[in-house]
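Asks: this one's structure only:
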């Protein structure tokens, strides 16, 4: 019983920590010598082909787990947006609001559903 409560609380804390900050993976990148002067001028089709090591090389620091996850999510969204508009820049992609806030709500909804499920299991295991 304590096991379910402990894991449910840990899941809730992790999901709130992930959702509490907006992370824009493209805003982490500082331009390298072979890139345009501003990260907003980079083409999303180019950024979408980067690997995590490329982003770490460009930014100059090791990414946290949360930054890595955010980059991978936004990389996928950039690939989808690049198919619709191949000439789109990162600045245009950011301004278009490509569901940057929706991912947080998805984590919150999943955490609440898991928490409700755990409460139902724990309460059903209690003697009546």
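Replies: Alright, I've got the coordinates. These numbers come from a predicted model, not from an experiment.

Asks: Now residue 103: closest residue in space, sequence neighbours ignored.
Replies: Excluding the flanking residues, the one nearest residue 103 by CB to CB, 6 or more residues apart in numbering is residue 73, at 6.1 Å. Where C-beta positions appear, they are placed from N, C-alpha and C, glycine not excepted.

Asks: Residue 85 too?
Replies: What sits nearest to residue 85 in space, not counting adjacent residues and going by CB to CB, 6+ apart, is residue 92, at 7.9 Å.

Asks: check which helix or strand covers that neighbour.
Replies: In this assignment (DSSP states H and E), residue 92 forms part of helix 90-95.

Asks: Now do the following helix or strand past that helix, average pLDDT.
Replies: Toward the C-terminus, helix 90-95 is succeeded by helix 102-125 as the next helix or strand (DSSP H and E). Taken as a whole, helix 102-125 has a mean pLDDT of 86.

Asks: mind listing what's buried in helix 102-125?
Replies: 103-104, 107, 111, 115, 118 (16 or more other CB atoms under 10 Å).

Asks: Just the element for the residue nearest to residue 103, please.
Replies: Using DSSP H and E, residue 73 falls in helix 65-84.

Asks: Report the separation between residue 89 and residue 52.
Replies: 22 Å (CB to CB, to the nearest Å).

Asks: ok, these two, which is more surrounded?
Replies: Neighbour count, other CB atoms under 10 Å: between residue 89 and residue 52, residue 89 has more, with 21 against 14.
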